[in-house]
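A.B. asks: what's the 3D shape of this:
(one chain, ligands or ions: 1)
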Amino acid sequence: MGSKYRELKERAWEANREIPRRGLAIFTFGNVSALDSAAGVFAIKPSGVAYDKLSWDDMVVVDLDGKTVEGTLRPSSDTKTHMVLYRNLRGLGGIAHTHSTYATGWAQARLPIPLYGTTHADHLTEDIPCTAVMSDEAVERDYELETGNQILECFRNRNPLHTPMVLVAGHAPFAWGESAEKAVYNAGVLEEIAKMAFITRGITSEAVRLPDRLIRKHFERKHGKSAYYGQK
Ligand SMILES: O=C(CO)[C@@H](O)[C@@H](O)COP(=O)(O)O
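C.D. replies: Numbers count the residues shown, from 1 in each chain. Purely as a prediction, here's the structure:
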């Protein structure tokens with residue numbers, strides 16, 4: 001029987017297959033989703049299924065209340081986090097949650113990733129934020145839902161389209177973009193920046209952030225006189 005959401009499920013499936021190809025997760029760690037904003041649904045990786053065992057029809061289609069509308073497998077355990085972000089952050093078409101090694105190391109250290117170099121400045125003009133540590137009550141209430149709320153809190157004064165990534169304290173990174181493919185790309189950029197920053201800190205404890213004038217110059221060289229720079 002054909003799927004009403006075949007194109008959406010295939011987009012999510014392709015993006016999930018890119019995760020191990022880019023070395024952003026092993027086994028069943030992490031998950032990617034793709035949104036169909038017109039239909040008000042997103043397709044997400046099923047829980048506990050290895051990436052190399054996935055077929056497009058395994059993707060689970062969920063509405064923005066978190067209810068499964070198509071699929072026989074259990075949706076990712078992080079589905080509520082994806083749901084909260086789609087409901088509250090405008091312009092997202094895809095979300096990638098990984099356990100990529102270096103970004104997860106920074107998330108476990110509960111530290112934002114400082115803007116040490118032009119590679120970072122090519123993609124965003126501020127440190128990569130880390131959420132606050134969640135209260136025990138919030139963990140007890142609903143960890144995945146509260147993880148979404150923690151991310152929203154982190155973006156109260158940030159534009160998620162200018163900084164399409166975040167570290168969840170004690171957990172791992174989330175990245176997003178206007179498509180699932182772009183979300184995976186941003187997850188890859190995050191991991192590379194996290195690795196470079198870790199190495200920089202290993203070379204010298206005196207590592208310093210790029211001066212704002214250089215960040216602006218570099219970002220505008222790459223993106224033109226973009227309205228993005230500095231705007232919240
Ligand atoms: O974040 C976590 C667990 O810490 C999840 O990404 C990971 O276990 C994958 O779970 P799912 O297989 O998507 O339910």
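A.B. asks: for the host helix or strand of E7, name the packing helices and strands.
C.D. replies: Secondary structure from DSSP states H and E places E7 in helix 6-21. Using 3 or more Cβ pairs under 8 Å, 6 or more residues apart in numbering; DSSP states H and E as the contact test, the elements touching helix 6-21 are strand 31-36, strand 41-44, strand 94-97, helix 180-203. Backbone N, C-alpha and C define where each C-beta goes, glycine included.
A.B. asks: what about the strands in this protein?
C.D. replies: 31-36, 41-44, 60-63, 68-70, 94-97, 165-167, 173-177 (DSSP state E).
A.B. asks: pick the most buried one from those.
C.D. replies: Mean neighbours per residue, mean count of other Cβ atoms under 10 Å, is largest over the strands of the chain for strand 94-97, with a mean of 30.
A.B. asks: for that one, the distance to its chain's centre please.
C.D. replies: Distance of strand 94-97 from its chain centroid, counting by Cα atoms, centre = their mean, to the nearest Å, is 5 Å.
A.B. asks: how about stretch 173-181?
C.D. replies: With Cα atoms, centre = their mean, you get 5 Å for stretch 173-181.
A.B. asks: mind checking the end-to-end distance for that stretch?
C.D. replies: This stretch, stretch 173-181, spans 16 Å end to end (Cα to Cα, to the nearest Å).
A.B. asks: can you check stretch 127-145 too?
C.D. replies: Using Cα to Cα, the end-to-end distance of stretch 127-145 comes to 25 Å.
A.B. asks: got the contact list for that stretch?
C.D. replies: By Cβ atoms under 8 Å, 6 or more residues apart in numbering, the residues outside stretch 127-145 that reach it are 77-81, 84, 106-107, 110-115, 120, 146-147, 149-151, 153-155, 158, 163, 165-170, 190, 193-194, 209.
A.B. asks: equivalent analysis for stretch 46-64, please.
C.D. replies: Outside stretch 46-64, the residues touching it (Cβ under 8 Å, 6+ apart) are 3, 5-6, 8-10, 12-13, 16-17, 19-20, 25, 27-28, 31, 40-45, 68-71, 73-77, 79, 83, 86-87.
A.B. asks: give me the buried entries from these.
C.D. replies: 3, 5, 8-10, 12-13, 16, 19-20, 25, 28, 31, 41-45, 68, 70-71, 73, 75-76, 79, 83, 86 (16 or more other Cβ atoms under 10 Å).
A.B. asks: next one: the residue lying closest to I113 once chain neighbours are set aside relative to the ligand, how far apart?
C.D. replies: Once flanking residues are discounted, I113 sits nearest to I128: 4.0 Å by Cβ to Cβ, 6 or more residues apart in numbering. Distance check for I128 against the ligand: by Cβ to the nearest ligand atom, to the nearest Å, it reads 18 Å.
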